[in-house]
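*Asks:* coordinates only, no sequence provided:
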């Protein structure tokens with residue numbers, strides 16, 4: 001209640017929900033993350049209070065939009081500029097056609113080093129599906145230590161735990177929910193989530209902690 005009363009001095013129309021989304025928006029600010037990067041690794045985040053109601057509402061509105069994106073990420077439309085290329089034996093009605101063992105980026109040659117490197121604009125979903133047209137910018141949306149797209153590639157793969165011998169197969173969940181193309185659709189949606197998140201962050205008000 002104390003925090004809310006402080007913010008209501010900026011605008012008496014501010015409510016608890018508005019304050020929650022303000023915090024969520026602030027936590028995505030590049031200026032905030034840069035200024036408090038060391039603190040965020042070892043303690044609870046401290047949320048600065050802006051001086052103008054217009055800035056409060058900018059952060060709160062952005063936080064609301066970000067939360068909607070991040071909560072509904074599975075239902076977000078795929079990035080419209082993606083191009084799916086299917087192999088000659090691909091049958092969309094066959095659940096196995098969508099099966100994922102381990103997604104990976106295709107390789108390209110770095111002209112500066114003449115070495116093969118990951119082409120992060122193209123993901124090989126399986127032997128019959130490639131998804132291209134992924135913007136390089138999409139990889140700027142980071143979750144922890146990797147991009148959201150990298151996180152999908154890392155998490156949604158068949159893994160066997162060495163000690164127990166137990167195999168974790170994300171395809172099982174997709175089949176149980178009668179959606180064999182779930183992983184493919186998720187990858188395409190997360191590209192949109194990444195791009196829209198970055199656009200919202202770019203529009204946040206500048207913060208000066210000097």
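*Replies:* Noted; the coordinates are in hand. All values reported here derive from a predicted model rather than from experimental measurement.
*Asks:* by contact count, what packs against the strand or helix carrying residue 61?
*Replies:* Per DSSP states H and E: residue 61 is located in helix 53-71. In terms of contacts (3 or more CB pairs under 8 Å, 6 or more residues apart in numbering; DSSP states H and E), helix 53-71 is packed against helix 16-26, helix 182-202. In this view, the C-beta of every residue, glycine as well, is placed from N, C-alpha and C.
*Asks:* mean pLDDT and distance to residue 133 for those helices - can I get that in TSV?
*Replies:* Below are those laid out as TSV (pLDDT from 0 to 100; distance: least, CB to CB, whole Å):
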stretch	mean pLDDT	distance to residue 133
helix 16-26	97	29
helix 182-202	98	9
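*Asks:* who's in contact with the closest residue to residue 173 other than its chain neighbours?
*Replies:* Using CB to CB, 6 or more residues apart in numbering and skipping residues adjacent in sequence, the residue nearest residue 173 is residue 182, 7.4 Å away. The contact partners of residue 182, taken as CB atoms under 8 Å, 6 or more residues apart in numbering, are 98, 173-174.
*Asks:* name the residues of stretch 90-106 that are buried.
*Replies:* Neighbour counts over stretch 90-106 (16 or more other CB atoms under 10 Å) mark 97-100, 103, 105 as buried.
*Asks:* and which of those residues is nearest to residue 138?
*Replies:* residue 105 (12.5 Å; CB to CB).
*Asks:* could you check the pLDDT of that closest one?
*Replies:* With respect to pLDDT, residue 105 scores 98.
*Asks:* quick check, it in a strand?
*Replies:* Yes. The assignment for residue 105 is a strand, going by DSSP: H, G, I helix; E, B strand; the rest coil.
*Asks:* quick one: contacts for it?
*Replies:* Here residue 105 is in contact with 118-120, 122-124, 153 (criterion: CB under 8 Å, 6+ apart).
*Asks:* repeat for residue 99
*Replies:* Going by CB under 8 Å, 6+ apart, residue 99 touches 126, 171, 180.
*Asks:* so the last one makes contact with residue 174?
*Replies:* I take that to be residue 180. Yes. Using CB atoms under 8 Å, residue 180 is in contact with residue 174, at 5.5 Å.
*Asks:* neighbour-wise, which of those two wins?
*Replies:* The residue with more neighbours, out of residue 180 and residue 174, is residue 174; 22 against 19, by other CB atoms under 10 Å.
*Asks:* from residue 82, how far out is the residue nearest the centre of the chain?
*Replies:* Nearest residue to the geometric centre of the chain (CA atoms, centre = their mean): residue 148, 3.9 Å. In this view, residue 148 and residue 82 are 15 Å apart by CB to CB, to the nearest Å.
*Asks:* buried residues in stretch 48-67?
*Replies:* Buried residues in stretch 48-67, counted by 16+ other CB under 10 Å: 50, 53, 55-66.
*Asks:* adding distance to residue 135, write the helices and strands packed on helix 53-71 out as CSV.
*Replies:* Putting the helices and strands packed on helix 53-71 into CSV (distance: least, CB to CB, whole Å) gives the following:
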stretch, distance to residue 135
helix 16-26, 23
helix 182-202, 6
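*Asks:* out of these, which comes closest to residue 165?
*Replies:* Closest approach to residue 165 among the helices and strands packed on helix 53-71 (CB to CB): helix 182-202, 23.4 Å.
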